[in-house]
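> The sequence and its predicted three-dimensional model are supplied below.
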2 protein chains.
Amino acid sequence: MAYLHRECGLYRAEGFQALSKILIESDSHRIQALLNVVDDDAIVTPGELGLAEQAFEQLGLDEGTAVRVDHAEPPLSMDAVRRKIGGEPLSLADYRAITRDIVANRYSKMEMAAFLVAAGQSGLDREEILFLTRAMTESGERLHWHEPLVVDKHCIGGIPGNRTTMLVTPIVAAHGTLMPKTSSRAITSPAGTADTMEVLARVELSPSTMHRVVRRERACLAWGGTARLAPVDDILIAVERPLGIDSQGQMIASILSKKLAAGSTHLLLDIPVGPSAKVRHMREALHLRKLFEYVGDHLGLHIEVIITDGSQPIGRGIGPVLEARDVMSVLHNKPDAPDDLRQKALRLAGRILEFDPDVRGGSGYVMARDILDSGRALAKMQAIIEAQGKQTQHFDPGRLSREITAPRDGVVSAIDNFQMSKIARLAGAPMDKGAGVDLLKKIADPVKKGEALYRIHAEFPADFNFASTLASDNSGYRIGNQATAEGPPP
Amino acid sequence: MAYLHRECGLYRAEGFQALSKILIESDSHRIQALLNVVDDDAIVTPGELGLAEQAFEQLGLDEGTAVRVDHAEPPLSMDAVRRKIGGEPLSLADYRAITRDIVANRYSKMEMAAFLVAAGQSGLDREEILFLTRAMTESGERLHWHEPLVVDKHCIGGIPGNRTTMLVTPIVAAHGTLMPKTSSRAITSPAGTADTMEVLARVELSPSTMHRVVRRERACLAWGGTARLAPVDDILIAVERPLGIDSQGQMIASILSKKLAAGSTHLLLDIPVGPSAKVRHMREALHLRKLFEYVGDHLGLHIEVIITDGSQPIGRGIGPVLEARDVMSVLHNKPDAPDDLRQKALRLAGRILEFDPDVRGGSGYVMARDILDSGRALAKMQAIIEAQGKQTQHFDPGRLSREITAPRDGVVSAIDNFQMSKIARLAGAPMDKGAGVDLLKKIADPVKKGEALYRIHAEFPADFNFASTLASDNSGYRIGNQATAEGPPP
């Protein structure tokens, strides 16, 4: 953001438009900024150029330095974007030029939207996904761990409560395998791994702290935003999200560029399939698997894909505090710990353990179970929390709560992932850590009319009412007949 | 643009992002604005919301009124845009919802870019072009002239110097046919009709002045920007232009919605075809013609399409002052007036005169020639200039000038419209009225090595140097052999 006075000769002579992009440069420095026109001499006087703090830092010149101001030309790589709009496949050089220009802040949001829509609509062929992934990986810092085996896991998302990362990481690290895990915060879901881990420990680690934690504990559970890994991805997500667009090629490049930049050598990728999951059909999951494998193979990242049951939420809690509670109850081997979360985590951890050449094929699951049952996973988790810095604030489930009950006798036959996520988000998750939904019944559980299906937790009355109203309109649960466990909608 | 203090509780609690869209509302008023975060108590204090002037006016509440501030939800019609991104054809209701939301300032530039790219890339079928045209026409004011015959002409552009409108309008008005002509300023060309007319007269007329001029003279030559006709078009153009995208469906809807909103009943549409024109092949021109006719027929606008020679610039001057000079020399019947401009204007005017049911088919051209030769067209032009208000400033061709010469003996075999436009724009047109290019040779003219092909005019040394350098790199002229009038590139 830059500011010129309405009476400034420059503004009048050049025919700048308010909110247009301008170029600000000295002989050695240049930035682009959005122009804001002001009438108040207290902000800038005619002949002065004001800069917002971020722009001032980016430009890196002292106050009072003379600069030239001009219309910003569209970035050169917009030419490639226009070719993409015309339906042409682009080259590696094109994708490199585009990502370089985006990282250098040469693209306006409008220009990024044009790129994303064009790439999403005409689709990227697998070569282009490979090019884009490579270009995105090169767009920022890259971590080097100097070890032959650096593992990671990723779930393509859509399943609430699916907090396996916080179980898999301590199990794998307890075995000694290096797993420097960085995660995102929730974008459209009620909780990301970073949001949930934050209930227990600090997650915003400096690169040096993260390295220290990983060297000591063989793992971390940190927020990935501080590391400047594949920064172009974060910039594009900030445009994709409000537009509500979601393209396959962009998703694959986004995931794999982050993993490659984080220095991973082996990746276990979880694709949940279910009627209300992101991927609804096995056919689609297989197609995605092949694309991931193709790009991974060409960029030196070993990928194994595991297709899992995405028909309902995993565990009981949905929302940071409730999910952290589930994770800790599994690590503590509590008898009432959610078994689906435990089983899924063991299955994933087992596959990752088998990335270790010294682990016999097929023996991973039993090893993972031994590590969990013996308390070594819990001890490792506590050590990671200690190393990252224990959370000083204590969080409880949201103080406002209400139960949603079964409208009839029967058996739970379906739970809608989207609807449960939406209710938890309206209740305040992930911003209010204690907000969310606690599932008391899962698919195949028998229920009596009036029996509680789940409990909504919220911190603030407005959120509580929004979430309750949505849940009353559509509970997200389907209750079928006892006999068939599949029935008509309620 | 809205301003919150960085320490404002609202900013911190709601997790607003700088430059994100926020909703500002009272019980009766609401607007959306881009959020700007400031640290300076002189601008806003914590607890205060500041608004840029435009936003303040739009909101229409008194200073000191309490408002609610919230994240702006994406406009509802973005759902239709997402379906278009997915390749679906949209309905009239969809296009109406989109244009309504755009006119109400509910779309960010990013969202408009998504719409334009999606509509451009998957293409609009002819039904959709009709829907979009109708929706755009309804998006603003509509003029009513209460006469059965209201004529207009339009050229789809790309040919520099093609200033026929300033000849056709006085000829047609001298006959008595109503031609309330509104034109645009140059967007990507070195001069629009409004820029050129402004050399002679005021063109920014209030709606009431425009009506007064038209009632008195049967015509005007005004800038169309003040009338709020199809305002969604102007908003979309402000996004299309910097993105450099150009889609056929959008172009047709843009042209026809303006004409319909301006109250036209009959339109003559000029499609120039040539190797460096916007339309390069006859096939494409015929396809366009059918689309224009289809949409015009369904919306009650009689359209005749005339396909013209777009192989080189029309007339001699390129740039407002030089083009105005050409126009006036034709109106004055000067012996050295450019004959191609005169002939084309007579051909177009003749066709428009034949829209009058009392004019015999085929007699329009001769009528137009009589009106021009007799001086009635000049008198009408002078009357229009008088009625709109004579330009008080006198403009001369740019004081810096340089001739570009032929590199060899031969015959001019091609002139590149794009290159000539670019040279004229670099020289300063249309901002500097006198800047541009004056063509001294046209296609088929014999030239001697060292003889001048054209003259560049500029007002400022920097522009003059840019334009001269570009012309030295590539003059835009091809000189062929005397015999064939077609030769290899120089």
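Received the coordinates, thanks.
> Can you name the next helix or strand after the helix or strand of chain A with the lowest mean pLDDT?
None of the helices or strands of chain A scores lower by mean pLDDT, DSSP states H and E than helix A:9-14, at a mean of 67. Remark: after helix A:9-14, the chain's next helix or strand is strand A:21-25, criterion DSSP states H and E.
> Counting by contacts, list what the helix or strand where A:I271 lies packs against.
Using DSSP H and E, A:I271 sits within strand A:266-273. If you count contacts as 3 or more Cβ pairs under 8 Å, 6 or more residues apart in numbering or on different chains; DSSP states H and E, strand A:266-273 packs onto strand A:151-155, helix A:248-261, helix A:282-299, strand A:302-309, helix A:339-353. In short, each C-beta sits where N, CA and C put it, glycine included.
> tell me which residues in whichever helix or strand comes after the shortest one are buried?
By that I understand strand A:151-155. Per DSSP H and E, the first helix or strand lying C-terminal to strand A:151-155 is helix A:165-175. With burial defined by 16 or more other Cβ atoms under 10 Å in any protein chain shown, the residues of helix A:165-175 counted as buried are A:T165, A:M166, A:L167, A:V168, A:T169, A:P170, A:I171, A:V172, A:A173, A:A174, A:H175.
> re earlier: with mean neighbour count, mean pLDDT and distance to B:D195 as added columns, please give the helices and strands packed on strand A:266-273 in a markdown table.
Converted to a markdown table, the helices and strands packed on strand A:266-273 look like this (neighbours: other Cβ atoms under 10 Å in any protein chain shown; pLDDT from 0 to 100; distance: least, Cβ to Cβ, whole Å):
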| stretch | mean neighbour count | mean pLDDT | distance to B:D195 |
| --- | --- | --- | --- |
| strand A:151-155 | 24 | 97 | 56 |
| helix A:248-261 | 23 | 93 | 42 |
| helix A:282-299 | 17 | 95 | 51 |
| strand A:302-309 | 17 | 96 | 59 |
| helix A:339-353 | 22 | 98 | 66 |
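> Residue numbers of chain A in contact with chain B?
Counting by Cβ under 8 Å from any Cβ of the partner chain, the residues of chain A lying close to chain B are A:1, A:15, A:19, A:21, A:34, A:36, A:39-40, A:42-43, A:52-53, A:74, A:78, A:82, A:85-87, A:108-114, A:116-118, A:120-122, A:239, A:242-245, A:431.
> got the contact list for the strand holding A:I271?
A:149-156, A:158-159, A:162, A:164, A:255-256, A:259, A:278-282, A:284-285, A:288-289, A:292, A:296, A:301-310, A:348, A:351-352, A:355 (Cβ atoms under 8 Å, 6 or more residues apart in numbering or on different chains).
> switch to 7 Å and redo it
Strand A:266-273 is contacted from outside by A:149, A:151-156, A:158-159, A:259, A:279-282, A:285, A:288-289, A:292, A:296, A:301-310, A:348, A:351-352, A:355, using Cβ atoms under 7 Å, 6 or more residues apart in numbering or on different chains.
> any idea of the mean pLDDT for that strand?
Taken as a whole, strand A:266-273 has an average pLDDT of 97.
> Alpha carbons only: can I get it in CSV?
Extracted C-alpha coordinates of strand A:266-273, given in CSV (Å, rounded to 0.1, in the frame of the first residue of the first chain):
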residue,chain,number,x,y,z
HIS,A,266,9.5,-40.7,2.0
LEU,A,267,5.8,-39.7,2.1
LEU,A,268,2.8,-41.7,3.2
LEU,A,269,-0.3,-40.2,1.7
ASP,A,270,-3.8,-40.9,3.1
ILE,A,271,-6.7,-40.6,0.7
PRO,A,272,-10.0,-41.1,2.6
VAL,A,273,-12.9,-42.1,0.3
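> chain center to that strand, what's the gap?
How far strand A:266-273 lies from its chain's middle: 14 Å, per Cα atoms, centre = their mean, to the nearest Å.
> just stretch A:150-168 next, same as before
The answer for stretch A:150-168 is 11 Å, by Cα atoms, centre = their mean.
> Let me see the contact set for A:S26.
So, once contact is read as Cβ under 7 Å, 6+ apart, A:S26 ends up touching A:L61, A:T65, A:V67.
> what do you get for A:R399?
Per Cβ under 7 Å, 6+ apart, neighbours of A:R399: A:E459.
> Same question for the one 5 residues further on.
Taking Cβ under 7 Å, 6+ apart as the criterion, A:I404 is in contact with A:L453, A:Y454, A:I456, A:A471, A:S475.
> Just want the phi and psi numbers for the first one.
Translated: A:L453. phi -90, psi -40 (degrees, to the nearest 10).
> Same question for the third one.
Recorded main-chain torsions at A:I456 are phi -90, psi 130, according to degrees, to the nearest 10.
> Next, count neighbours for it.
Burial measure for A:I456: 27 neighbouring residues, criterion other Cβ atoms under 10 Å in any protein chain shown.
> what residues are up against it?
A:S401, A:R402, A:I404, A:I423, A:A427, A:V437, A:A467, A:S468, A:A471.
> And the residue positioned nearest the centre of chain A, how far from A:S254?
Compute the mean C-alpha point of chain A, and by Cα atoms, centre = their mean the closest residue is A:S184, 4.0 Å away. Using Cβ to Cβ, to the nearest Å, A:S184 is found at 10 Å from A:S254.
> Equivalent analysis for A:A262, please.
For A:A262, the distance to A:S254 - Cβ to Cβ - is 13 Å.
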